[in-house]
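> Quick check, what structure comes out for this input:
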Amino acid sequence: MMDYHVNIFWSEEDQGYIADIPDLKGCSAFGLTPEEALHEVQIAKKAWIEAALSEDLPIPPPRYRPIIYQVSS
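From the prediction side, this is the model:
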């Protein structure tokens, strides 16, 4: 499965984190933590791609190069 750029941001309105994949229209998820939002958007990405394949719709290539962030302790 292709790697796509993921945005994760705090939503004051939802009191949680939203993760979205800009290249996959409407692909987003919610989590109480950034990690949970990331996990949920990976599930949503899989479902988005499976739905596109089943409908013979094009799957856009990633426009952004994914960056791996590492937090050092």
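> could you give the mean pLDDT of stretch 20-30?
On average, the pLDDT along stretch 20-30 is 97.
> Show me the contact partners of it.
4-7, 11, 14, 16-19, 37, 40-41, 43-45, 48-49, 60-64 (C-beta atoms under 8 Å, 6 or more residues apart in numbering). Just so you know, the C-beta spots here come from the backbone N, C-alpha and C atoms, and that holds for glycine as well.
> can you check stretch 45-57 too?
1, 4, 21, 24, 26-27, 58-59.
> Residue 10 - that's part of a strand, no?
Yes - using DSSP: H, G, I helix; E, B strand; the rest coil, the assignment for residue 10 is a strand.
> ok so, going back, can you flag the buried ones in the contacts of stretch 45-57?
4, 21, 24, 27 (16 or more other C-beta atoms under 10 Å).
> Need the residues you listed in TSV (columns: secondary structure and distance to residue 33).
Formatted as TSV, the buried ones among the contacts of stretch 45-57 follow (DSSP: H, G, I helix; E, B strand; the rest coil; distance: C-beta to C-beta, whole Å):
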residue	secondary structure	distance to residue 33
4	coil	20
21	coil	18
24	coil	22
27	coil	19
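> Report the backbone C-alpha coordinates of stretch 40-48 in PDB.
C-alpha atoms of stretch 40-48 as PDB (Å, rounded to 0.1, in the frame of the first residue of the first chain):
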ATOM      1  CA  GLU A  40      -7.600   5.100  12.800                       C
ATOM      2  CA  VAL A  41      -6.700   7.000   9.600                       C
ATOM      3  CA  GLN A  42      -4.600   4.000   8.500                       C
ATOM      4  CA  ILE A  43      -7.700   1.900   8.800                       C
ATOM      5  CA  ALA A  44      -9.700   4.500   6.900                       C
ATOM      6  CA  LYS A  45      -7.000   4.600   4.200                       C
ATOM      7  CA  LYS A  46      -7.300   0.900   3.700                       C
ATOM      8  CA  ALA A  47     -11.000   1.100   3.400                       C
ATOM      9  CA  TRP A  48     -10.800   4.100   1.100                       C
END
